[in-house]
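Visitor: Pasting the sequence and the predicted model now:
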Amino acid sequence: MAKPAVHPAASSPDMPEAVARWVQEVRALTEPKAVHVCTGSDAEAAELTEQLVRAGELLPLNAERYPRCYLYRSNPNDVARVEHLTFVCTKSEADAGPNNHWMAPDAAHRKMDELFRGAMRGRTMYVVPYCMGPIDSPYARCGVEITDSPYVALSMRLMTRMGDAALARIGRDGVFVRGLHSIGELDPERRFIMHFPEELSIKSFGSGYGGNALLGKKCHALRIASWQARTEGWLAEHMLLLALESPAGETHYVAAAFPSACGKTNLAMLVPPASMPGWKVRTLGDDIAWLHPGPDGRLWAINPEAGYFGVAPGTNAKSNRNAYDMVRHDTIFTNVALTAEGDPWWEGLEGTPAIDWQGRPYDPKNGPAAHPNSRFTVSARNNPCYAAESDAAAGVPLSAIIFGGRRRALAPLVFEARDWRHGVLVGAGVASETTAAITGKVGVLRRDPMAMKPFAGYNFGDYWQHWLAIGERLTRPPKLFHVNWFRQDAGGRFLWPGFGENLRVLKWMIERVAGRAGALDTPIGAMPAREDLDLDGLELPPASLAELLAVDAPAWRSDLAHLAGEFDQYGARLPPVMRRELDEVLKRFG
Ligand code: GTP
Ligand code: SPV
Ligand code: MN
C-alpha cells in the first residue's frame, strides 16, 4: 500500500491518542489516497464546497435569490432511511429487542470490515470530530465520524458543533463515539447501518442519505445515545424543543415527539396566527432532545444538534414563514426540483418546476417534481426564531412533553395523560401512518412508540421501564399530552388547519400546566371542551371541531386490544405497570 498523503493536522500533537490510533486502523483497512482532519473553519468549508462543485456533486443555485445555496442529488436508490438494513448489534439479542433488527457483534464486524476493505482507494478520508450539545455542557457527548464523502463532512459542519473545539473536548473527555462511514458503491445490496452500543461505535456502508450517513444524528444522538442514557440515567429522544412565550411574558419549554415527517420542524418554528397577538415561539431544536432529571426535580432538556435536516415539500410562506426565510441562504438542498431560473422548487411552493429531482426535464407523468423526502440542510443560526437558550450548558426545564402521530382516524386533536405513568402508556401507544422518510410503503398505520421505533437502541420493554424510572426521580414532572394534527374527513381533507393554528392547542396545554384551563375527564385522559380552546379568529365548522374532540369508545377499545397484543412480544421485559395502565383505561371505558 502506498503511503497516503496526510493533512498536517493528522499528526498534530493535539489529536488525542485514541483517535489517532483508530484513524490509523481505519486507514490501513480502507486505504484512502489522503487523510483530511476537519477543523471546522470557514476556509475548509469553502474548499470542500468548491471541490464538490468542481466534481459536479453540488450545483450552485440562483446566486442572487439563494446566495451560497446548493443542490445535491443523491442516488435515486438512496433517498431515505433504510430500516430493513439498520441493525443493533448487542451481545444478547434480547437486549436489542423485537423492535430492532439484530446481528451478533462478531458477525456484523466481519461483514462490515469486508465491505470497508480497500473501500476508500483513490478517495480522501475525512476525519470529522463533532460534539453533540453545547461544547461546554456536561450533557454533551462527542464523536468522530470517518467518512469518504465530502458532502457528509460539509453537512456535519452544519448539523453539529464540528472541528477543533470538539477534538479538544474529546481529549478532555477521553471517550468518544466511533462512526465509520463509506458511500461504497451505493449498491442497495451492499448497504448496512450497524450499531454497536456496547462499544459506542457505528459502521455505515453504501448510503449517502442523511439519516444513514450523517452519523452524529440518528445513529449517535438516538440509537447509541439512548443506550448510553439508560446506563447513565437520562433519555435520548426523537423530539423537537421549543420555547413558548405568552403575551404576559411567561415562558414555557415544551418537547414533542412525532414520527418522521409528522410535523416536528414545523411546530418548533411555529408562526403565531394574526389573531393571537403577543404569543411567540422560539426554536431550540427540531428533531432530537436529550432529557436529564435535574437537582430541582424538573426534567431538563438540551438539543444535541446545531442544524436542521428538514423536509422541503409543504414548506412555504404560508405554512411556515420562518422555515421559508431560513433556507433562502447558506443552505444545501437534497433532491429538490429546479425552476428555469435555478431556484430550488418543491410541491407546495408557487411557480413551476423545470427540472425534476433526478435532473430530468419536469414531466408530471414521472411523479412529483421534488422527491417527497427532499430536504434542506441548514445551520440553526439561520433560523429567524432561533432561541439563544439553545447554547445553555444546563439546558431548559420542561413544562410539557407532547406525543403525536399522523392518524386520519381515532386520535383526537389533543388529550392530556393523567400522570407520568399513564403518559408513558400514551407514548407507547403512539401510532402513525408511514411517510417518505423511510424506504417502503407510505400511509401504512404502524405503532411507533414515543416516535422511537426506528431509533431506540435497545429493547422497548427496558426502554419503557427506564421512562418509568425517570418519572420516579421527578418531583415536578412535565405534563404529558398527545396530539393529532392529521385527522381527515370522509373526503380525505384535514379537519384541523394545523401549522400556526397549532398554537391554540399549545396555549391550552400551558394553561393546564399553570392550572388555569378547564378540561373534560374522558377514559383516554383530560380533553378540552370547545370553550376551553381559544378559537378566536379561526373559522372552523362546528362539526369538524366536534369530530376532532370526539372519543369513539368501540374504536378505542379495539386500538387498546391491538396495543396489548403488541406488548405481548416483549414478554417478561414489559414492565407490569404498562399492562396495569392499559387495563385502567379499558376499565374507564366500562
Ligand atoms: P423529520 O425531519 O422526518 O423527523 O420530520 P418532522 O417531524 O420534523 O416533520 P416536518 O415538520 O418537516 O413535517 C413533515 C410534513 O408534514 C411537511 O410536509 C409539512 O408541511 C407537514 N406538516 C407539518 N405540520 C403540519 C400540520 O400541522 N398539519 C398538516 N396538515 N401538515 C403538517
Ligand atoms: C427522520 O427520518 O426522522 C429524519 C431524517 O429526521 S433522517 O435524519 O434522515 O433520519
Ligand atoms: Mn427525525
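Guide: Noted; the coordinates are in hand. Numbers count the residues shown, from 1 in each chain. Ligands and ions are numbered 1, 2, ... in the order given.
Visitor: Which residue does the stretch 401-550 of the chain have closest to ligand 1?
Guide: Using CB to the nearest ligand atom, the closest approach of the stretch 401-550 of the chain to ligand 1 is made by residue 498 at 2.5 Å. Heads up, the C-betas are built off the backbone N, CA and C, glycines and all.
Visitor: got a list of what the closest residue to that residue other than its chain neighbours touches?
Guide: In space, and not counting its chain neighbours, residue 498 is closest to residue 485: 4.5 Å by CB to CB, 6 or more residues apart in numbering. By CB atoms under 8 Å, 6 or more residues apart in numbering, the contact set of residue 485 is 263, 404, 406, 413, 494, 496, 498, 502.
Visitor: So what's the residue count around the fifth one?
Guide: Counted with other CB atoms under 10 Å, the burial measure for residue 494 works out to 13 neighbours.
Visitor: That one contacts residue 486, doesn't it?
Guide: Yes: applying CB atoms under 8 Å, one finds residue 494 in contact with residue 486, separated by 6.5 Å.
Visitor: where's the nearest residue to residue 530 once chain neighbours are set aside, which helix or strand?
Guide: Nearest non-adjacent residue to residue 530, counting by CB to CB, 6+ apart: residue 545, 6.2 Å away. Using DSSP states H and E, residue 545 maps to helix 542-548.
Visitor: So what touches that helix?
Guide: Helix 542-548 is contacted from outside by 412-413, 487, 489, 495-496, 530, 535, using CB under 8 Å, 6+ apart.
Visitor: From those residues, list the buried ones, please.
Guide: 412-413, 487, 495-496 (16 or more other CB atoms under 10 Å).
Visitor: quick one: the helices in the stretch 101-250 of the chain?
Guide: Secondary structure of the stretch 101-250 of the chain (DSSP state H, counting those that start in this stretch): helices located at 105-116, 150-159, 164-173, 210-213, 225-232.
Visitor: To ligand 1, which of these lies closest?
Guide: Between those, helix 210-213 lies closest to ligand 1; by CB to the nearest ligand atom that is 8.3 Å.
Visitor: does ligand 2 sit close to that closest one?
Guide: Yes: residues of helix 210-213 contacting ligand 2 under CB under 6 Å from any ligand atom: 210-211.
Visitor: Same question for stretch 306-324.
Guide: Yes: Stretch 306-324 comes into contact with ligand 2 (CB under 6 Å from any ligand atom), by way of residue 309.
Visitor: CA atoms only for that stretch, dumped as CSV, please.
Guide: The C-alpha atoms that make up stretch 306-324 are tabulated as CSV, following Å, rounded to 0.1, in the frame of the first residue of the first chain:
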residue,chain,number,x,y,z
ALA,A,306,-26.7,22.6,15.7
GLY,A,307,-28.7,22.5,12.5
TYR,A,308,-31.8,21.1,10.7
PHE,A,309,-32.1,18.4,8.1
GLY,A,310,-35.7,19.3,7.3
VAL,A,311,-38.5,18.1,5.0
ALA,A,312,-38.8,20.5,2.0
PRO,A,313,-42.2,19.7,0.5
GLY,A,314,-45.0,21.5,2.1
THR,A,315,-42.7,24.3,3.4
ASN,A,316,-43.9,27.7,2.1
ALA,A,317,-44.5,31.3,3.1
LYS,A,318,-48.0,30.4,4.4
SER,A,319,-47.3,27.1,6.2
ASN,A,320,-44.0,28.2,7.8
ARG,A,321,-42.7,31.6,7.0
ASN,A,322,-39.7,31.1,9.3
ALA,A,323,-38.5,28.0,7.5
TYR,A,324,-39.2,29.6,4.2
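Visitor: got a list of what the nearest residue to residue 178 once chain neighbours are set aside touches?
Guide: Spatial nearest neighbour of residue 178, excluding adjacent residues (CB to CB, 6+ apart): residue 201 at 4.2 Å. Counting by CB under 8 Å, 6+ apart, residue 201 touches 177-180, 195, 224.
Visitor: got it, and residue 540?
Guide: 496-497 are the contacts of residue 540 under CB under 8 Å, 6+ apart.
Visitor: quick one: contacts for residue 354?
Guide: Here residue 354 is in contact with 337-340, 361-362 (criterion: CB under 8 Å, 6+ apart).
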